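> sequence and predicted structure are below.
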Amino acid sequence: MSADARRRGADAFTRGGGAYERLRPTYPRAAVAWALATAPPGRVADVGAGTGKLTHVLLDLGRDVVALDPSRDMLARLRASSRGASRTDLDIRVGRGEQTGLDDASVSAVVYGQAWHWVDADAACEESARILVPGGTLALVWNLMDVDDPATAACHRAMHVLSEGREHTDSVADVTAAFGRRESRTFRWSRHLTTRELADTVTTRSYYLAADEPDRARLRAAVAAAVTQHFGPLGEAVIEVPHLTEVHRFTRA
């Protein structure tokens, strides 16, 4: 994926914070705890924090968090869901992975939830190493639909009929040169949502937000057809959709 394409995809999230907050899942507590298991005590930088899906889990684990995102719309949702700026354990700032604005050696961990593939890996690795304390952790986390399940796989394919570009697993490989050995673990879980919510999830994807209306309509139709075929008519019926959370962690020398 070119730098321009990566930036267009990331910038698509400058709008759509409400749908993202309503339709995207949170992260399993066990997965986030494992991501931080080797990190020293101290503040965590949640880069690409968005509406705070990962931020809230970090806070629940007792960590102080500085949440950074380039989208003011997303961060407004985070502020609303965290009772504004009165929390002493949460600092919310506009920022990017390549330029966080944080001080040298000021955080014990840098975490990216659903966001690493939107940054320039070389620049973000350099920035992460700069702001991490020695022995600090860089953790990359993704929630993924479990495509080992045939019905879920069909819906996943429909959601990506127009998307193209770099796979998140390719972007993980870029980190090894800068940080060395990678530790990885996958957590399996299921999400309960309505058939309508599953179909609407495609409207929170960056490629959908960046597309023109004809392509958006094609995506909505493809996903609606797949959900209807494999899970039932769009509506309020609650279904179980298998998911994975993939975690990769690295340690700063």
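Cool, got the structure.

> after the helix or strand of the chain with the lowest mean pLDDT comes which helix or strand?
Ranked by mean pLDDT, DSSP states H and E, the helix or strand of the chain with the weakest confidence is helix 3-11, at a mean of 47. Per DSSP states H and E, the first helix or strand lying C-terminal to helix 3-11 is helix 17-23.

> next, the buried residues of that following helix.
17, 19-21, 23 (16 or more other C-beta atoms under 10 Å). In short, each C-beta sits where N, CA and C put it, glycine included.

> wait, which of those residues is closest to residue 172?
Of all the buried residues of helix 17-23, residue 172 sits closest to residue 20, with 22.7 Å by C-beta to C-beta.

> show me what contacts the closest residue to the closest one other than its chain neighbours?
Residue nearest to residue 20 in three dimensions, not counting chain neighbours: residue 204, with 4.7 Å by C-beta to C-beta, 6 or more residues apart in numbering. Contacts for residue 204 (C-beta atoms under 8 Å, 6 or more residues apart in numbering) come out as 16, 19-20, 23-24.

> buried stuff in the lengthiest helix in the chain?
Longest helix in the chain, counting residues (DSSP state H): helix 213-231. Buried residues in helix 213-231, counted by 16+ other C-beta under 10 Å: 216, 219-220, 222-224, 226-227, 230-231.

> just send the residues you listed back as a markdown table, with distance to residue 150 and pLDDT too.
What follows is the buried residues of helix 213-231, written out as a markdown table (distance: C-beta to C-beta, whole Å; pLDDT from 0 to 100):
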| residue | distance to residue 150 | pLDDT |
| --- | --- | --- |
| 216 | 26 | 96 |
| 219 | 21 | 96 |
| 220 | 22 | 97 |
| 222 | 17 | 97 |
| 223 | 16 | 98 |
| 224 | 18 | 98 |
| 226 | 11 | 98 |
| 227 | 14 | 98 |
| 230 | 8 | 98 |
| 231 | 12 | 97 |
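
> a markdown table for these, including distance to residue 134?
Compiled in a markdown table, those are given as follows (distance: C-beta to C-beta, whole Å):
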| residue | distance to residue 134 |
| --- | --- |
| 216 | 47 |
| 219 | 45 |
| 220 | 49 |
| 222 | 49 |
| 223 | 46 |
| 224 | 51 |
| 226 | 48 |
| 227 | 48 |
| 230 | 49 |
| 231 | 49 |
